[in-house]
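Undergrad: Okay, structure incoming, though there's no sequence with it:
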């Protein structure tokens, strides 16, 4: 089960939050080996948005959630 902090819930549980379902690069990377160009394109696109974004992405080994700037990535 993925657990989010109260701060993450407060930040991303708003009407302005955009939900995206896509492939996404590895944590902290933009161009990851073993991922497609779609993953890199998605990250490049979302980092330019000035609003909260939640990404539902594929997982590598286990389900997890982490935040990078204004983006919450949930690997499920």
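TA: Everything's here; your move. Owing to the predicted nature of the structure, the values given are computational and were not obtained by experimental measurement.

Undergrad: From here on, just use CA atoms for contacts and neighbour counts.
TA: Fine.

Undergrad: Just give the nearest non-adjacent residue to residue 1, would you?
TA: Excluding its sequence neighbours, the residue lying closest to residue 1 (C-alpha to C-alpha, 6 or more residues apart in numbering) is residue 63, at 7.7 Å.

Undergrad: Who is the residue nearest to residue 18 when sequence neighbours are not counted paired with across the strands?
TA: With C-alpha to C-alpha, 6+ apart as the criterion, residue 18 has its nearest non-adjacent residue at 4.7 Å, and that residue is residue 53. Bridge pairing for residue 53 (DSSP bridges) gives the partners residue 18, residue 71.

Undergrad: rewinding a little: please tell me how far the residue nearest to residue 1 sits from residue 49.
TA: 25 Å (C-alpha to C-alpha, to the nearest Å).

Undergrad: if you go through the chain in chain order, where are the helices?
TA: Chain-ordered helices for the chain, with DSSP state H as the definition, fall at 6-12, 37-47.
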